[in-house]
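*Asks:* build the 3D model from these lines:
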Amino acid sequence: MSRLFVVVFCCSIFLAACSVNTSSKLVSQSQPATNGISLYEQYCASCHKSFAHTTKPQRSFSRLRSAIRFFPSMNDLYFLSDAQLEAISSALATNDFQQVSRIKSLK
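*Replies:* As a prediction, the model looks like this:
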């Protein structure tokens with residue numbers, strides 16, 4: 001009886017480990033701006049206007065992280081990963097917002 005329990009327990013751990021989604025949602029080096037635009041639109045646009053008309057151009061990663069940490073109205077964005085904030089920062093660093101917005105619409 002105890003062997004059966006051990007076998008079932010080991011099988012359940014194995015199956016649980018196999019079902020874990022290990023695919024990472026890290027920013028692709030080839031598409032950081034478009035991913036950053038999507039993230040911006042999802043988490044930032046409601047307060048800072050659409051990406052094409054943002055009130056926060058050229059914001060660095062450290063400035064975004066500090067704003068999330070120190071502005072109470074932004075504290076609920078603390079869950080954003082460093083990779084996600086880097087993607088948003090990369091998108092905001094682009095000089096031609098209209099061109100990047102067109103790239104996004106093609107996807």
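*Asks:* so where is this protein shaky, pLDDT-wise?
*Replies:* Counting by pLDDT under 70, the chain contains low-confidence ranges at 1-34, 95-107.
*Asks:* number of residues surrounding the nearest residue to residue 54 once chain neighbours are set aside?
*Replies:* Nearest residue to residue 54 in three dimensions, chain neighbours excluded: residue 48, at 5.6 Å (Cβ to Cβ, 6 or more residues apart in numbering). (C-beta placed from N, C-alpha, C; glycine too.) Residue 48: 16 surrounding residues under other Cβ atoms under 10 Å.
*Asks:* give me every residue that touches residue 48.
*Replies:* Listed by Cβ atoms under 8 Å, 6 or more residues apart in numbering, the contact partners of residue 48 are 54, 55, 56.
*Asks:* same thing with residue 50?
*Replies:* residue 41.
*Asks:* not counting sequence-adjacent ones, nearest residue to residue 91?
*Replies:* Using Cβ to Cβ, 6+ apart, the closest residue to residue 91 is residue 36 (2.9 Å).
*Asks:* ok, that neighbour touching residue 92?
*Replies:* Yes. Residue 36 is in contact with residue 92 according to Cβ atoms under 8 Å; the separation is 7.2 Å.
*Asks:* that older thread, out of the contacts of residue 48, which is nearest to residue 68?
*Replies:* residue 56 (12.3 Å; Cβ to Cβ).
*Asks:* surely residue 56 and residue 45 touch.
*Replies:* No. Applying Cβ under 8 Å as the test, residue 56 and residue 45 come out as separate, 10.4 Å apart.
*Asks:* before we move on, the earlier item: now the residue nearest to residue 91: which helix or strand?
*Replies:* Element membership for residue 36 (DSSP states H and E) is helix 32-43.
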